[in-house]
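1. compute the structure for the input listed below.
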Amino acid sequence: MFICIEGNIGSGKTTLAKALAKQLRATFLPEQFEENALLPLFYKDQKKYAFPTEYSFLIERHKQLTTFFNNYKNNQLIISDYHFDKCICFAKVNLSKNDYTFFKKHFKSILDTLPTPNLVVYLTTSTKQLQQNIAKRGRKMEQNLPKVYLEKLNLVLDEYYIHKHKLKTTILVLNIKNYNPATLKTYYKEIEQVIENLK
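-> Here you go, the predicted structure:
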């Protein structure tokens, strides 16, 4: 079974995915964003580096997932801290109209070659909470992200995963306020119940 955790920057995807993988004794599949040398450049000059950054993520995520699932065993439980479809959501926010049209064609072609997750857990939270989480984890390149940028991402992600959900998979929406032992247990129970229903 393949489960993806998705949400905005700073929504707690990796925190929840790691904790859930440990709880369920699953294999954790992390997004390898730190290996993308274009990302820091994008944060400094979004207009100039938007397309090469988004396209490089498209290729890198495809390569990672393809390599991983070539060795996948059907009895494995896989929990990832990203969903491949985030590519099209971020591209919609970051790219010009012409670049987005070009990107979308390639995205659809690549998407058809990848496994569909059994479950996507989509995390929603306030922009204020996102900013607090980003500040707390202290990644230098993220510290000056404008509030308006996070708000745009929230709108596009919400539209994709909640309002116009057309994905051929189950979506569980969790409203995240903070992570502590009590709230994590609540999230575990909700996710585990959906997993049981999918089996």
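
2. ok, for D158, nearest residue in space, not its chain neighbours?
-> Spatial nearest neighbour of D158, chain neighbours left out: T124 (6.8 Å); criterion: CB to CB, 6 or more residues apart in numbering. Every residue, glycine included, has its C-beta placed from N, CA and C.

3. what of K92?
-> In this structure, K92 finds its nearest non-sequential neighbour in V156, 5.2 Å apart by CB to CB, 6+ apart.

4. you'd agree the one you found is up against L95?
-> No - V156 is beyond contact range of L95, at 11.6 Å (criterion: CB atoms under 8 Å).

5. return the set of buried residues in stretch 185-199.
-> Across stretch 185-199, burial judged by 16 or more other CB atoms under 10 Å covers Y187, I191, V194, I195.

6. inside helices: which ones of those?
-> Y187, I191, V194, I195 (DSSP state H).

7. contacts only, for V93.
-> V93 makes contact with Y149, K152, L153, V156, according to CB atoms under 8 Å, 6 or more residues apart in numbering.

8. now, which of those residues sits nearest T27?
-> Using CB to CB, the shortest approach to T27 within those belongs to L153, at 27.9 Å.

9. look up how far K189 lies from the residue lying closest to that closest one once chain neighbours are set aside.
-> Using CB to CB, 6+ apart and skipping residues adjacent in sequence, the residue nearest L153 is N8, 5.1 Å away. Plainly put, N8 is 24 Å away from K189 if you go by CB to CB, to the nearest Å.

10. the longest helix seen in the chain: which residues count as buried?
-> When the chain is parsed with DSSP H, its longest helix is helix 46-70. Within helix 46-70, the residues that count as buried by 16+ other CB under 10 Å are 49-51, 53-58, 60-62, 64-65.

11. just to be sure, Y122 is in a strand?
-> Yes - when DSSP: H, G, I helix; E, B strand; the rest coil is applied, Y122 is found to be in a strand.

12. now do the contacts for it.
-> Contacts of Y122 by CB under 8 Å, 6+ apart are E6, G7, L157, Y161, I162, I171, L172, V173, L174.

13. and those residues as TSV, adding pLDDT and distance to F107?
-> Below are the contacts of Y122 laid out as TSV (pLDDT from 0 to 100; distance: CB to CB, whole Å):
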residue	pLDDT	distance to F107
E6	97	15
G7	96	19
L157	97	15
Y161	96	16
I162	93	20
I171	96	19
L172	96	23
V173	95	23
L174	94	25
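
14. with respect to I134, which of these is nearest?
-> The closest of the contacts of Y122 to I134 turns out to be G7 (CB to CB; 12.6 Å).

15. for the closest one, give the beta-bridge partners.
-> Beta-bridge pairing of G7 under DSSP bridges involves L123.

16. run a quick neighbour tally on it.
-> Around G7 there are 26 other residues, counting by other CB atoms under 10 Å.

17. next one: it relative to P52, how far apart?
-> Taking CB to CB, one finds G7 at 24 Å from P52.

18. also H163?
-> Relative to P52, H163 is positioned 30 Å away (CB to CB).
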